[in-house]
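[1] No sequence on hand, only this structure:
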């Protein structure tokens, strides 16, 4: 069992939009919510990665933007682990890269506990758990208490030219824990040439900067102060926003002051400037899930080099990745291709263009395609729904309600709904009446009727909803009562 | 107006499975039912192509196999043109290539009218209509009455090595009509080498064999008789089967005798042997829709050489064909690719592999994929249905019923159904009761209930059906009464 440090706070950076993973990620279900890299979403993995080291879920904060707040919360509360329900959210007034966001969190943490040590973690990476990780975190906390700004450096496995590298200098054996030996960080090198990267891999002194930082909250602000100019202004603003009541931290003056800040990364603003940076070299399996090429690692490779998830065949195809969420996808005689197929969209590209998927997203956005914004499935605090079909004047959804949960008491002005129970028992409220429906039973909810769906449990509840009307948008909803206060 | 010849019979060959057009074609909705090459299916186009020259729809026969009979009939009766409802069907006892099928039709036609002239047409080609076509058919009929076996030869537009060519010899000006001048056919050349094909195109004396033949029914049988051996046996068997009552023509001895016939094409068995073959050179737009490359011609080409049907974008892609029936498909940086996307399956291949799509179909068949057999939409004599979603224990369909039509009176042993009217008015029978449902209204049909859906008209009727049960196969249906006698 790792040591639980009462001063430790975790900060998970979750404001990213993950365009590069379209069509698997969408604006409203970005990369951190992807579930194919394990049994739960990447952000839930990130929370679980640091949970053993903090006192409880409430010591973990997730920094994100207003748009994603509900989506992230719905994902984490869908998880059975109650500690995930306890995590806190810090809403960036506006996205200004990582330095302002981390500074804001540092100011909040420092105000709560002057000796606070913060672990900064990306929300959308794959990282190996286990003893080596545990040693790294404990050594990092140790060195951070001693005033170091600590990074965890991943042992490179290939001469990647798209990453940043950190060169390890003198060892700091005083802070060693188990397999983890911190070193003074001697140099940061961003995106080296291929030959240089090859030398780094061969030399064994350079490590990938994985964006994992451990440091006293006060040290982050001191380093910004010491840098002066725009950086000092970031620290001042962060302290000022942290001093406001929580409800005032995103709008008005907080928004204005935050908007005026330099958009700069914590790497540039602090790490590359400070002379008290440590790196802990770590031989951990790590993947930044930076492009669709990450799909190559989630299924076995066949004899022709193909990787496939989902139904279909690859005839005479080589070194191709097919990822299909539910439909049949066949390839014939293709090579070095990626095919990603979801319920509502398909993308085909050569592997070598995996870095350019955002160009497709930009083009689709310009064309007004809703498929870049949302997916067919939407998580809700009470469960989830999936659009099965949209037609002229009708829409069919499947709706899953978790045991003991219920949707808001609501009414629609322009559509009627039919609910057919497919699995479980539904407790239905319809214009003041309450009654139960078993599997195969159904109810009609005419336009304007006040209704609510509840799963009295103990098992799952699945219904099929057929909505009919001339307007079927999600915004045609009036919430009269809601367990999550969404009527406000 | 073309001359309507009272002796003319048309025979449309429609037994093909069209594997090479998967996933747009399926075993139960083969190439001849594709609708993207015009405003109606290819087979409806074939019927309309010859209809002006015959007395009426009943002079047109479609030869096919048992499996496709209903599918073809449902397609043609879905057409508003009543002449298409009048066409006759000849069921091959068993598929033995074109010579036995054409001989059987010839024997039937000859028995009806000793002076019958038959036009043989493929059911799955694109062919330009208009005056030149009309001239060709009239000239061909003229020459056929005079004893010629006439083919229509398409002026080649490229040195295609996959086709058969016919060399035109002496002109036969006696049979000329308008722009159409028959020539004696001097030679048949099957699949020439590229250099030879180039010389054919340059020389102007060779024409593509498009599988369109016009000849006296009696002459086909005489030529087979004259060839002797296996060919004579084809004629004898055809006459014998034609002499049976219609109900006895497919099973029992007819099946056995037909099965024993040589599987040979009419080209080999008759045309290439006879010394009285004429060819009418025709400068007509023709496409045998032989592979997915035919999709290149159905939409405009963009500046990068891409052809696209359906929503999506092509970013940095070149010379690529994207055909999507309803979903969004995006490509990025691909070249010379074909992407075909349907409601339930996607295929990706390089253009140069378009001839090999059947390998994919074979592999999918071996894997037991239902997507090679049927599509999500199924035509019925009363209208059509589309599977919108299948889930564990439920299935959602949209059902369209034509005005004045009704489904069978039926019952299911293992599923209940809910019908929600989306558009129009439904007349519902439920356990003896009859009532109407307007849009937004619904009815529940429990397991075992006797029910029927009817569209009293005058407008279209669309319902969404939610079926719930542990078994949802189409074969769980007991038809008690049916306007198409499908209960038998």
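    Nice, thanks for sending it over. Values in this document were obtained by computation on a predicted structure and should not be read as measured data.
[2] can you pull the contacts of residue A:433?
    Residue A:433 makes no contacts at all, as judged by Cβ atoms under 8 Å, 6 or more residues apart in numbering or on different chains. All C-beta atoms are positioned from the backbone trio N, CA, C, and that covers glycine.
[3] ok, now how distant is the residue nearest to residue A:93 when sequence neighbours are not counted from residue A:485?
    In this structure, residue A:93 finds its nearest non-sequential neighbour in residue A:258, 3.9 Å apart by Cβ to Cβ, 6 or more residues apart in numbering or on different chains. For residue A:258, the distance to residue A:485 equals 26 Å [Cβ to Cβ, to the nearest Å].
[4] So for those two, which sits in the more crowded spot?
    residue A:258 (23 against 9; other Cβ atoms under 10 Å in any protein chain shown).
[5] Please name every helix or strand in contact with the worst-scoring helix or strand of chain A on mean pLDDT.
    When each helix and strand of chain A is scored by mean pLDDT, DSSP states H and E, strand A:377-380 comes last, with a mean of 86. Here strand A:377-380 touches helix A:66-78, strand A:383-391, going by 3 or more Cβ pairs under 8 Å, 6 or more residues apart in numbering or on different chains; DSSP states H and E.
[6] Check which helices and strands the longest one is in contact with.
    Going back to what we said before, that points to helix A:66-78. Using 3+ Cβ pairs under 8 Å, 6+ apart, helix A:66-78 is in contact with helix A:42-50, helix A:82-85, strand A:88-91, strand A:377-380.
[7] Partner strands of the least confident helix or strand of chain A and their direction?
    Looking at strand A:377-380 with DSSP bridges, its partner strands are strand A:383-391 (antiparallel).
[8] orientation of the strand it pairs with relative to helix A:66-78 in degrees?
    120 degrees (axes from the mean of the first three to the mean of the last three Cα atoms, to 10 degrees).
[9] any chance you could map the helices in chain A?
    Taking DSSP state H as the test, the helices found in chain A are A:42-50, A:66-78, A:82-85, A:98-112, A:131-145, A:194-203, A:217-227, A:229-242, A:252-259, A:266, A:357-366.
[10] Can you redo those helices as a markdown table, where the extra columns are mean pLDDT?
    Below are the helices of chain A laid out as a markdown table (pLDDT from 0 to 100):
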| stretch | mean pLDDT |
| --- | --- |
| helix A:42-50 | 96 |
| helix A:66-78 | 88 |
| helix A:82-85 | 89 |
| helix A:98-112 | 96 |
| helix A:131-145 | 97 |
| helix A:194-203 | 96 |
| helix A:217-227 | 97 |
| helix A:229-242 | 96 |
| helix A:252-259 | 91 |
| helix A:266 | 95 |
| helix A:357-366 | 96 |
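[11] Can you say which of the ones you listed is nearest to residue A:384?
    helix A:66-78 (7.5 Å; Cβ to Cβ).
[12] How far does stretch A:376-390 sit from its chain's centre?
    19 Å (Cα atoms, centre = their mean, to the nearest Å).
[13] now the end-to-end length of it.
    11 Å (Cα to Cα, to the nearest Å).
[14] Would you mind listing the outside residues contacting it?
    A:28-29, A:33, A:71, A:73-75, A:77-78, A:342-344, A:395-402, A:405-407, A:455, A:461, A:464-465, A:472, A:483-484, B:388-389, B:391, B:396, B:398.
[15] Just those: which are in strands?
    In strands, defined here by DSSP state E, the members of these are A:395-401, A:461, A:464-465, B:388-389, B:391, B:396, B:398.
[16] And the residue of the stretch 51-200 of chain A that's closest to chain B?
    The stretch 51-200 of chain A approaches chain B most closely through residue A:162 (17.7 Å), counting by Cβ to the nearest Cβ.
[17] correct me, but that residue touches residue A:191?
    Yes. Here residue A:162 reaches residue A:191: they are 6.2 Å apart, a contact under Cβ atoms under 8 Å.
[18] near chain B, which residues of the stretch 1-150 of chain A show up?
    Counting by Cβ under 8 Å from any Cβ of the partner chain, the stretch 1-150 of chain A comes close to chain B at residue A:23.
[19] give me the residue from the stretch 1-150 of chain A nearest chain B.
    Counting by Cβ to the nearest Cβ, the stretch 1-150 of chain A gets nearest chain B through residue A:23, at 7.7 Å.
[20] Tell me how far that residue lies from residue B:324.
    13 Å.
[21] List the residues that are in contact with both of those two.
    With Cβ under 8 Å, 6+ apart, residue A:23 and residue B:324 have common neighbours residue A:346.
[22] With neighbour numbers in mind, choose between those two.
    Using other Cβ under 10 Å as the criterion, residue A:23 and residue B:324 rank with residue A:23 on top: 26 against 20.
[23] you'd agree that one is up against residue A:349?
    No. Using Cβ under 8 Å, residue A:23 is not in contact with residue A:349, being 11.3 Å away.
[24] residue ranges with poor pLDDT in chain A?
    A:1, A:487-488 (pLDDT under 70).
[25] Mind splitting it into its structural domains?
    A:8-287, A:297-366, A:377-481 (automatic domain parsing).
[26] Any idea how many residues pack against residue A:204?
    11.
[27] Roughly how far does the residue located most distally from the centre of chain A sit from chain B?
    In terms of distance from the mean C-alpha position of chain A, residue A:433 ranks first, at 40.8 Å (Cα atoms, centre = their mean). Applying Cβ to the nearest Cβ, to the nearest Å, the value for residue A:433 to chain B is 18 Å.
[28] Run through the bridge partners of that residue.
    residue A:430.
[29] Can you mark which positions in the least confident helix or strand of chain A are buried?
    A:377-380 (16 or more other Cβ atoms under 10 Å in any protein chain shown).
[30] Same check on stretch A:356-363?
    Buried-residue list, stretch A:356-363, by 16+ other Cβ under 10 Å: A:356-361, A:363.
[31] Could you name the helices and strands sitting against the top strand by length along chain A?
    If you go by DSSP E, chain A has its longest strand at strand A:206-216. Packing contacts for strand A:206-216, counted by 3+ Cβ pairs under 8 Å, 6+ apart, involve strand A:117-122, helix A:131-145, strand A:149-154, strand A:164-171, strand A:277-282.
[32] Dump these to TSV, plus mean neighbour count.
    Below are the helices and strands packed on strand A:206-216 laid out as TSV (neighbours: other Cβ atoms under 10 Å in any protein chain shown):
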stretch	mean neighbour count
strand A:117-122	24
helix A:131-145	22
strand A:149-154	27
strand A:164-171	19
strand A:277-282	26
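[33] Tabulate these (CSV), appending distance to residue B:105.
    Shown next, in CSV, are these (distance: least, Cβ to Cβ, whole Å):
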stretch, distance to residue B:105
strand A:117-122, 72
helix A:131-145, 77
strand A:149-154, 74
strand A:164-171, 76
strand A:277-282, 78
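[34] Buried by neighbour count: which residues of stretch A:349-358 qualify?
    A:349-351, A:353-354, A:356-358.
[35] Check stretch A:458-475 too.
    In stretch A:458-475, counting by 16+ other Cβ under 10 Å, buried: A:461-469, A:472.
[36] which ones among those residues come in contact with chain B?
    Near chain B, by the rule Cβ under 8 Å from any Cβ, you find A:462, A:464, A:466, A:468-469 out of these.
[37] For those residues, could you give me a markdown table that also reports distance to residue A:241?
    What follows is these, written out as a markdown table (distance: Cβ to Cβ, whole Å):
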| residue | distance to residue A:241 |
| --- | --- |
| A:462 | 44 |
| A:464 | 46 |
| A:466 | 47 |
| A:468 | 48 |
| A:469 | 44 |
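[38] residue contacts, the residue of the stretch 51-200 of chain A closest to chain B?
    A:191, A:290, A:355.
[39] can you rerun that using 10 Å?
    A:190-192, A:197, A:288, A:290-291, A:355 (Cβ atoms under 10 Å, 6 or more residues apart in numbering or on different chains).
[40] who wins for most neighbours among these?
    Counting by other Cβ under 10 Å, top hit in the contacts of residue A:162: residue A:197 with 21 neighbours.
[41] Is that one in contact with residue A:158, as I believe?
    Yes. Using Cβ atoms under 10 Å, residue A:197 makes contact with residue A:158 at a distance of 8.4 Å.
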